[in-house]
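Q: Turn this into a model:
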Amino acid sequence: MRVTLSLSLLLLTACATTVPRVEQLTLDEKVGQLFAYGAHARFMNEDSATYAELRRQVRENHIGGVIWFASNVYETAMLTRRLQSESRVPLLMSADLEAGVGMRFIDTTYWPPAMAVAATGDPQLAEKQGRISAIEARALGVNHILAPVADVNIDPDNPVINARSFGENAESVGRFVAAFVRGVQSEGVLATAKHFPGHGDTHVDTHRSLPVLGVDRARLDRVELVPFRAAIDAGVASVMVGHLGVPALDPTPAPVRPHEESAEENPYTKDAAETMRSGTMPASVSRPVITDLLRRELGFDGLVVSDAFDMGGLVAHFDAGEAALRAIEAGTDVILKSSDTDAAIRAVKEAVRSGRLSESRIDESVRRILRAKARVRSSVGTDDEIFRGVDSNAHRAVAEEIAQRAITLVRTESGVLPLREGQRVVTIVVSDFPETVNPLSRIEGEIRKRSKVQTSTFMIDSRSRADDIAPFVEAAKNADVVLLALAVRAASGAGHMRLPDAARMFVAQLPRERKIVAVSFGSPYLLRELPSLQTYVCAYGVQPVLQVAAVKAIYGEAPITGTLPVTIPGL
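A: Numbering: from 1, shown residues only. Take a look at the predicted model:
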């Protein structure tokens with residue numbers, strides 16, 4: 001470890017000389033530093049409109065960074081090299097890597113989510129995951145990881161956090177958050193604790209509209225703020241502020257824009273009743289939340305980063321320019337993914353000219369941004385380093401260890417587990433995914449490997465009706481075991497978690513003597529909706545490593561040692 005850290009420090013020292021001082025930048029360059037532009041790194045020709053727009057944002061708007069969404073490995077590396085060469089000031093290249101590089105970069109391992117890591121009971125695994133995520137990210141030129149999630153998941157119906165959280169116990173969440181931060185930053189990459197001041201006790205998805213956290217200050221201190229304090233104590237480089245109203249911190253009513261003005265800016269929903277939700281001022285544009293609480297009271301002097309500024313929790317209340325101005329006035333340093341970056345930058349420049357914003361306020365954020373950039377490497381690994389280092393066997397082995405140790409047996413009926421080779425297994429995949437593909441495609445192959453007789457797999461989703469499931473019920477009656485594989489999970493922008501009605505009908509129609517093994521590959525709280533299930537296992541996510549681990553566990557090939565990090569109400 002000392003050798004790795006020494007190498008990282010040498011790299012950081014080497015790149016620090018390339019970062020200019022704030023006094024060397026023009027006002028246009030300084031304003032641009034406050035914005036990160038969202039993009040997908042997929043193949044694009046140099047003459048394409050997509051690349052031309054990326055290059056224009058760097059050259060003309062002088063953006064401070066790019067946040068990569070679903071992207072390809074080598075295209076990310078190539079585009080990062082090109083964009084860095086186009087920029088006078090090194091760029092912060094960011095990505096949401098809560099669950100490893102595979103969460104955003106196609107064809108690499110998608111690691112288990114935070115709740116699965118917590119189910120292992122071992123914060124050292126969170127530190128390993130953070131460290132490996134940073135090593136692989138750095139090879140692609142990503143130097144700013146928008147993780148870990150520091151939210152304490154109190155609300156079982158939370159449609160956007162849920163298994164992305166390390167659990168419901170604030171102190172335990174804090175330990176895992178701090179460990180992940182240490183792992184990331186030991187490799188010279190910036191970590192980000194999110195979504196301040198806490199998004200775990202909300203039942204509204206901020207992608208769609210504004211949630212309100214209606215708890216008092218004493219509760220915030222006792223629960224929500226605990227993991228953020230732990231992250232700050234661990235030296236976290238940045239904190240992301242969420243789009244949620246917290247009346248105990250800022251009771252100012254949030255204005256509501258006419259739906260026709262905001263609808264085009266919200267890519268997640270066009271429902272007027274949903275987007276025109278009233279509430280108090282979003283934390284992401286609140287001075288009492290950012291400057292008074294995070295800066296002064298908690299003593300955080302790192303980067304304050306916004307959540308994406310095209311989300312419904314913000315665009316329903318402010319246009320791109322006003323949102324940027326209010327965020328900067330509140331104390332934000334970096335605005336991610338504005339709904340209109342050009343308009344937002346114009347608004348900030350005009351505000352400086354008119355006197356609404358002082359140039360010294362801009363300088364304050366730019367100094368923090370440049371300081372952060374001086375800490376990280378802006379170069380990209382060689383093709384050979386990427387080829388050998390990203391998603392290596394050694395790294396995948398850690399993901400597989402976490403997955404296996406995470407599998408949790410919540411309840412079991414005597415004599416059902418472990419399954420035996422030769423049993424006739426009918427697998428029913430229950431999916432809330434909008435796609436028609438099977439999100440648990442590895443399950444069928446893993447079951448077939450272990451069966452000496454023919455197996456069958458069927459899928460129930462939101463389109464399934466009573467007539468559709470009749471053949472599934474008949475097949476299940478002739479099976480030795482029914483494996484109910486539940487792919488129902490919190491998904492950003494979906495706005496809900498919904499168990500298809502046909503799944504309830506299917507379970508109700510099975511003979512009582514039929515052996516059922518239910519595995520939740522998503523929200524662990526699903527047992528509330530199917531309380532008659534007597535054997536229930538939690539795998540926390542649909543990731544292939546968790547699919548394989550779950551099958552090994554129910555066949556007795558690996559011990560089941562996970563511990564549920566949350567309480568299932570009423571059960």
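Q: okay, H496: pLDDT?
A: Per-residue confidence (pLDDT) for H496: 53.
Q: same deal with A14?
A: 38.
Q: swap in L11?
A: 40.
Q: does Y51 count as helix, strand or coil?
A: helix (DSSP: H, G, I helix; E, B strand; the rest coil).
Q: ok, now which ones touch L440?
A: By C-beta atoms under 8 Å, 6 or more residues apart in numbering, L440 lies in contact with V429, S431, A485, A487, F521, V542, Q547. Every residue, glycine included, has its C-beta placed from N, CA and C.
Q: Angles on the backbone of the second one, please.
A: The one in question is S431. When read as degrees, to the nearest 10, the backbone of S431 gives phi -130, psi 140.
Q: surely it meets D461?
A: Yes: the pair S431 / D461 is scored as a contact, 4.6 Å apart, by C-beta atoms under 8 Å.
Q: Between these two, point out the one with more neighbours.
A: A count of neighbours by other C-beta atoms under 10 Å puts S431 above the other of S431 and D461, at 26 against 20.
Q: got the contacts of L440 as a markdown table, with distance to K515 columns?
A: Formatted as a markdown table, these follow (distance: C-beta to C-beta, whole Å):
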| residue | distance to K515 |
| --- | --- |
| V429 | 18 |
| S431 | 22 |
| A485 | 15 |
| A487 | 21 |
| F521 | 19 |
| V542 | 24 |
| Q547 | 20 |
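Q: so how far is the first residue of stretch 97-111 from its last?
A: Taking C-alpha to C-alpha, to the nearest Å, stretch 97-111 runs 9 Å from one end to the other.
Q: Report the buried members of the contacts of L440.
A: Buried residues within the contacts of L440, counting neighbours by 16 or more other C-beta atoms under 10 Å: V429, S431, A485, A487, F521, V542, Q547.
Q: Tell me the one of these nearest G141?
A: Taking C-beta to C-beta as the measure, V542 is the one of those closest to G141, at 28.2 Å.
Q: The closest one reaches P439, doesn't it?
A: Yes: using C-beta under 8 Å, V542 is in contact with P439, at 4.8 Å.
Q: which neighbours do the two share?
A: Here V542 and P439 have A487, F521 as joint contacts, going by C-beta under 8 Å, 6+ apart.
Q: Based on its surroundings, how many neighbours for E435?
A: E435 has 8 neighbouring residues, counting by other C-beta under 10 Å.
Q: list the buried ones in stretch 43-56?
A: Neighbour counts over stretch 43-56 (16+ other C-beta under 10 Å) mark M44, Y51, L54 as buried.
Q: Please apply the same query to stretch 355-374.
A: Within stretch 355-374, the residues that count as buried by 16+ other C-beta under 10 Å are L357, I362, S365, V366, R368, I369, L370, R371, A372, K373, A374.
Q: what pLDDT does the closest residue in space to the third one that isn't next to it in sequence get?
A: Beyond its immediate neighbours in the sequence, the residue positioned closest to S365 (C-beta to C-beta, 6 or more residues apart in numbering) is D333, lying 4.1 Å away. We have a pLDDT of 98 for D333.
Q: quick one: D333 and I369 touch, right?
A: Yes: counting by C-beta under 8 Å, D333 does reach I369; the two are 6.0 Å apart.
Q: Contacts only, for the most centrally placed residue in the chain.
A: Nearest to the geometric centre of the chain sits E98, at 5.0 Å (C-alpha atoms, centre = their mean). E98 is in contact with P113, A114, L146, A147, P148, V149, R164, counting by C-beta under 8 Å, 6+ apart.
Q: Check those residues and tell me the two furthest apart.
A: Taking C-beta to C-beta as the measure, the contacts of E98 reach their widest spread between P113 and L146, a distance of 14.6 Å.
Q: Show me which of these two is the more surrounded one.
A: The neighbour comparison of P113 against L146 (other C-beta under 10 Å) goes to P113, with 29 against 25.
Q: so who does that one touch?
A: Contact analysis of P113 by C-beta under 8 Å, 6+ apart lists E98, A99, A163, R164, Y540, G541, Q543.
Q: again with P227
A: Contact analysis of P227 by C-beta under 8 Å, 6+ apart lists A150, D151, V152, F166, A170, V173, G174, V177, A193.
Q: And L510, by the same measure?
A: Counted by C-beta under 8 Å, 6+ apart, L510 has contacts V473, A476, K477, V482, I516.
Q: now, which of those residues sits nearest H199?
A: I516 (34.1 Å).
Q: right, and that closest one touches L486 too?
A: No: counting by C-beta under 8 Å, I516 sits too far from L486 to count as a contact (11.5 Å).
Q: Tell me which of the two has more neighbours.
A: A count of neighbours by other C-beta under 10 Å puts L486 above the other of I516 and L486, at 31 against 21.
Q: three-state assignment of M240?
A: M240 falls in the strand class when you classify it by three-state DSSP.
Q: What separation do you get for it and A191?
A: 11 Å (C-beta to C-beta, to the nearest Å).
Q: So which of the two has more stuff around it?
A: A count of neighbours by other C-beta under 10 Å puts A191 above the other of M240 and A191, at 30 against 25.
Q: Could I get the contacting residues of the more buried one?
A: Contacts of A191 by C-beta under 8 Å, 6+ apart are G130, I145, A147, P148, F180, V181, V184, Q185, A231, V236, A237, S238.
Q: what's the distance between I132 and E401?
A: Distance, I132 to E401, by C-beta to C-beta: 12 Å.
Q: repeat for Q454
A: Taking C-beta to C-beta, one finds Q454 at 33 Å from E401.
Q: what sits against E168?
A: E168 neighbours (C-beta under 8 Å, 6+ apart): V152, N153, I154, G200, P565, V566, T567.
Q: And these, which is closest to R257?
A: The closest of those, once distances to R257 are taken by C-beta to C-beta, is G200, at 27.5 Å.
Q: Please tell me I have it right and that closest one contacts I161.
A: Yes: taking contacts as C-beta under 8 Å, G200 lies within contact range of I161: 5.3 Å.
Q: low-scoring pLDDT stretches of this protein, where are they?
A: Scanning the chain for pLDDT under 70 picks out 1-17, 259-265, 267-276, 490-497.
Q: Of the contacts of E168, which belong to helices?
A: Using DSSP state H, no member of the contacts of E168 falls within helices.
Q: Pick out the most distant pair among those residues.
A: By the measure C-beta to C-beta, G200 and T567 form the most distant pair in the contacts of E168, at 13.2 Å.
Q: Neighbour count: those two, which is higher?
A: Remark: of G200 and T567, G200 carries more neighbours, 27 against 14, as counted by other C-beta under 10 Å.
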